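Chemist: Give me coordinates for this.
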Amino acid sequence: MKPLTVALDILQGEDNCYFGTLLPTLETLMSKTLDMKDSLTVATGLPEAIVQAIKKRFASVLESNDAMLAAVTLPKFKLRWVRDQRKKEMVKGILAAECHKFLPGPEQQPARNPVSPTTPPDSGSSKDKEQDFFCFEDDDETFSTVETEVMAYLKTAETGMEILKKCPTIKAICLKLNAATPSSAPVERLFSLGSLVLSPKRNRLSDKRFEKLLLMRYNDWFES
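Modeler: The predicted model follows:
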């Protein structure tokens with residue numbers, strides 16, 4: 001049961017524990033639990049029972065695009081938690097598609113000035129008719145920029161949050177999806193602390209004063 005207890009401690013943490021931590025923790029927990037199956041002599045069916053219970057309880061999370069994006073945009077995880085190569089390519093494609101959504105639309109992009117020909121074309125020549133027939137749009141520079149940013153982010157060996165400063169689009173996705181905590185344990189501890197602040201002897205506190213006192217009690221690093 002050691003992998004399970006370690007996973008619970010990770011998900012109940014308050015420092016650097018984001019929504020993106022949930023999916024890598026679950027995947028690693030299931031992998032480590034199944035690896036212990038061969039070394040057991042008693043309760044040999046327990047690892048599979050734990051894995052099946054995790055898949056049933058977190059079925060919506062394991063296949064959630066938001067959970068995958070939240071995990072892959074955390075530099076300490078990226079794609080390291082994905083073991084299957086096909087799933088790695090799928091998550092990479094989901095990240096690239098999400099990056100395109102954060103880019104400005106065609107109406108917000110500057111208009112391109114058409115290049116005028118140096119010599120007036122002869123509308124009657126067959127060469128000009130062929131050029132007009134094969135009239136293709138220029139390469140999409142936006143697509144190339146997104147692909148470059150995604151590949152550079154995934155290939156770098158840096159695991160600190162500072163790497164997101166170099167990847168503004170991925171940083172925006174990370175801030176959007178990793179605001180929530182993966183468990184309710186920190187919130188429950190906050191409620192417990194609130195009962196100590198709002199005691200029977202201090203039952204006439206205003207909402208604003210109660211909020212300030214709770215903030216100062218909960219944040220040890222808080223300085224006025």
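
Chemist: Look at V150 and report its pLDDT.
Modeler: At V150, the model reports a pLDDT of 90.

Chemist: I'd say I50 and K32 touch.
Modeler: No - in this structure, I50 is not within contact of K32 by Cβ atoms under 8 Å, at 10.4 Å. Using the backbone N, CA and C atoms, a C-beta is placed for each residue, glycine as well.

Chemist: Which secondary structure element of this structure has the lowest mean pLDDT?
Modeler: Using mean pLDDT, DSSP states H and E, helix 126-133 stands out as the lowest-scoring helix or strand of the chain, at a mean of 68.

Chemist: just to revisit the earlier point, more neighbours: I50 and K32, which one.
Modeler: I50 (18 against 15; other Cβ atoms under 10 Å).

Chemist: Could you say which helix or strand holds the more buried one?
Modeler: helix 46-57 (DSSP states H and E).

Chemist: Counting by contacts, list what that helix packs against.
Modeler: Using 3 or more Cβ pairs under 8 Å, 6 or more residues apart in numbering; DSSP states H and E, the elements in contact with helix 46-57 are helix 22-35.

Chemist: How far off centre is the helix it packs on?
Modeler: Offset of helix 22-35 from its chain centre (Cα atoms, centre = their mean, to the nearest Å): 18 Å.

Chemist: Give the buried residues for that helix.
Modeler: If you call a residue buried by 16 or more other Cβ atoms under 10 Å, then helix 22-35 has these buried ones: 22-30, 33.

Chemist: With stretch 61-68 instead?
Modeler: Buried residues in stretch 61-68 (16+ other Cβ under 10 Å): 61-62, 66-68.

Chemist: And the furthest pair within these?
Modeler: L62 and D66 (12.0 Å; Cβ to Cβ).

Chemist: helices or strands up against the following helix or strand past the least confident helix or strand of the chain?
Modeler: Counting by DSSP H and E, the next helix or strand C-terminal to helix 126-133 is helix 141-155. For helix 141-155, the packing partners by 3+ Cβ pairs under 8 Å, 6+ apart come out as helix 85-101, helix 168-177.

Chemist: how about 10 Å then?
Modeler: Contacts defined by 3 or more Cβ pairs under 10 Å, 6 or more residues apart in numbering; DSSP states H and E place helix 141-155 against helix 65-72, helix 85-101, helix 168-177.

Chemist: Read off the pLDDT value for the residue nearest the centre of the chain.
Modeler: Centroid-nearest residue in the chain: A70, 1.6 Å away (criterion: Cα atoms, centre = their mean). Confidence at A70, expressed as pLDDT, is 93.

Chemist: Could you list the residues in contact with stretch 36-56?
Modeler: The set of residues external to stretch 36-56 that reach it, using Cβ atoms under 10 Å, 6 or more residues apart in numbering, is 1-4, 7, 26-27, 29-35, 61-62.

Chemist: Identify each buried residue in that stretch, please.
Modeler: For stretch 36-56, the neighbour count (16+ other Cβ under 10 Å) marks 47, 50-51, 54 as buried.

Chemist: Extract the CA atoms of it and return them as PDB.
Modeler: What follows is stretch 36-56, C-alpha atoms only, in PDB (Å, rounded to 0.1, in the frame of the first residue of the first chain):
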ATOM      1  CA  MET A  36       4.400  -4.900  -7.000                       C
ATOM      2  CA  LYS A  37       2.100  -7.700  -8.000                       C
ATOM      3  CA  ASP A  38       4.800 -10.300  -8.700                       C
ATOM      4  CA  SER A  39       6.500  -9.800  -5.400                       C
ATOM      5  CA  LEU A  40       3.400 -10.500  -3.300                       C
ATOM      6  CA  THR A  41       2.700 -13.900  -1.700                       C
ATOM      7  CA  VAL A  42      -0.400 -12.800   0.200                       C
ATOM      8  CA  ALA A  43      -3.400 -10.800  -1.300                       C
ATOM      9  CA  THR A  44      -2.000 -11.100  -4.800                       C
ATOM     10  CA  GLY A  45      -5.200  -9.700  -6.300                       C
ATOM     11  CA  LEU A  46      -5.100  -6.500  -4.300                       C
ATOM     12  CA  PRO A  47      -3.000  -4.500  -6.800                       C
ATOM     13  CA  GLU A  48      -5.400  -5.200  -9.700                       C
ATOM     14  CA  ALA A  49      -8.400  -4.400  -7.400                       C
ATOM     15  CA  ILE A  50      -6.800  -1.000  -6.500                       C
ATOM     16  CA  VAL A  51      -6.100  -0.200 -10.200                       C
ATOM     17  CA  GLN A  52      -9.700  -1.100 -11.200                       C
ATOM     18  CA  ALA A  53     -11.100   1.000  -8.400                       C
ATOM     19  CA  ILE A  54      -8.900   4.000  -9.600                       C
ATOM     20  CA  LYS A  55     -10.100   3.600 -13.200                       C
ATOM     21  CA  LYS A  56     -13.700   3.400 -12.100                       C
END
